[in-house]
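Asks: predicted model, plus sequence, below.
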Amino acid sequence: MSEHSPPGSRIDWSGPSIESIRRDMLRFAQMQLRDAATAEDMVQEALVAAMNSEHGFAGRSAIKTWLFAILRNKIVDHIRRNAREISRSDLAAQDEDGDDGMDALFNRKMMWSSGYWNHEDGPATWSNPDEVLSQKQFWTIFDACVNHLPEKLARIYMMREMLELETDEICRELGISKNNCWVILHRARLGLRECLEDNWFKGAAR
Amino acid sequence: MINCKQATRLMSEELDRPLKWQEKAALSTHNAMCVYCRNYRKHMAFMREAARRFREGVTEQGD
Ligand SMILES: [Zn+2]
């Protein structure tokens, strides 16, 4: 047990496993916040909070899961305090439910023909999805695909799926209509699905 | 009859709000005949699971 751990601590706070978790936390926070300095602050706050409330860690979940839950709460608090930073006007500029935004996202090819999937682009069967989730390379692609989405789509998608906020809250925080929120999430999912299929599931090597 | 574009929108929204019974009916009628949209729904479930693991930091084997 190192000198950095509080007395009676069961967790080695300066050990290599915390260091590796910390790196993953930074990556997660950076993805959510798109700002390295703020991400660093959030991770720092989360680790300090965790260290001070180690008794709250029952050992039922993995340490990493516990730390990620604390980090998630810190990021959500931060987003709630700073929601106005995410520009309302930019989001409002995305049309309510027209298809133009979608076409821009998929301008390299026509996804639909008169509202039906094109045969070349129709969702394929994905093999071994369960195994995929424990492959390190998959997560690199997943990361890249989320980051590849247009920024507003990525932000709202992450608020919904990674930070688990309800759509009601997302709309309220960002001052956009519910319908707009659903459209944005829909576009993000379409884009992410397409990216995963093209860059992972269609890969011949797998 | 709804088309694939409308069906995918419903398959996204069902992750964010409960669908109305008429919407569920339209979706299941469409999906019964459309293998692409059936795949799409599986992919949505997969992506939600991936996001959950991501959020919990469980992104590698042995974690
Ligand atoms: Zn279809």
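Replies: Structure's in. What do you need?
Asks: low-confidence ranges, chain B, go.
Replies: Applying pLDDT under 70 to chain B flags the ranges B:60-63.
Asks: keeping just the C-alphas, turn the longest helix seen in it into CSV.
Replies: For chain B, the longest helix by residue count, based on DSSP state H, is helix B:35-56. The C-alpha coordinates for helix B:35-56 follow below in CSV (Å, rounded to 0.1, in the frame of the first residue of the first chain):
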residue,chain,number,x,y,z
VAL,B,35,-34.9,-8.4,-43.7
TYR,B,36,-32.8,-5.2,-43.8
CYS,B,37,-35.0,-3.6,-41.1
ARG,B,38,-34.9,-6.7,-39.0
ASN,B,39,-31.1,-6.5,-39.1
TYR,B,40,-31.3,-2.8,-38.4
ARG,B,41,-33.2,-3.5,-35.2
LYS,B,42,-30.6,-6.1,-34.0
HIS,B,43,-27.9,-3.5,-34.8
MET,B,44,-29.7,-0.9,-32.6
ALA,B,45,-29.7,-3.4,-29.7
PHE,B,46,-26.1,-4.2,-30.3
MET,B,47,-25.1,-0.5,-30.3
ARG,B,48,-27.0,0.1,-27.1
GLU,B,49,-25.2,-2.7,-25.4
ALA,B,50,-21.9,-1.4,-26.8
ALA,B,51,-22.7,2.1,-25.4
ARG,B,52,-23.5,0.5,-22.0
ARG,B,53,-20.2,-1.3,-21.9
PHE,B,54,-18.4,1.8,-23.0
ARG,B,55,-20.0,3.8,-20.2
GLU,B,56,-19.1,1.2,-17.6
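Asks: need the contact partners of it.
Replies: When contacts are defined by CB atoms under 8 Å, 6 or more residues apart in numbering or on different chains, helix B:35-56 is touched by residues A:28, A:64-65, A:68-69, A:72, A:117, A:122-126, A:129, A:133, A:139, A:142, A:161-164, A:189, A:192-193, A:196-197, B:4, B:7-8, B:11-12, B:15, B:30-31, B:59. No exception for glycine: its C-beta is placed from N, CA and C like everyone else's.
Asks: who's in contact with residue B:29?
Replies: Residue B:29 sits in contact with B:1-2, where contact means CB under 8 Å, 6+ apart.
Asks: quick check: which element contains it?
Replies: Per DSSP states H and E, residue B:29 falls inside helix B:21-33.
Asks: in that helix, what's buried?
Replies: B:23, B:26-27, B:30-31 (16 or more other CB atoms under 10 Å in any protein chain shown).
Asks: now that helix against helix B:35-56, angle please.
Replies: 110 degrees (axes from the mean of the first three to the mean of the last three CA atoms, to 10 degrees).
Asks: what about helix B:21-33, near the ion?
Replies: No: if you take CB under 5 Å from the ion as the test, helix B:21-33 misses the ion, and the best it gets is 5.6 Å.
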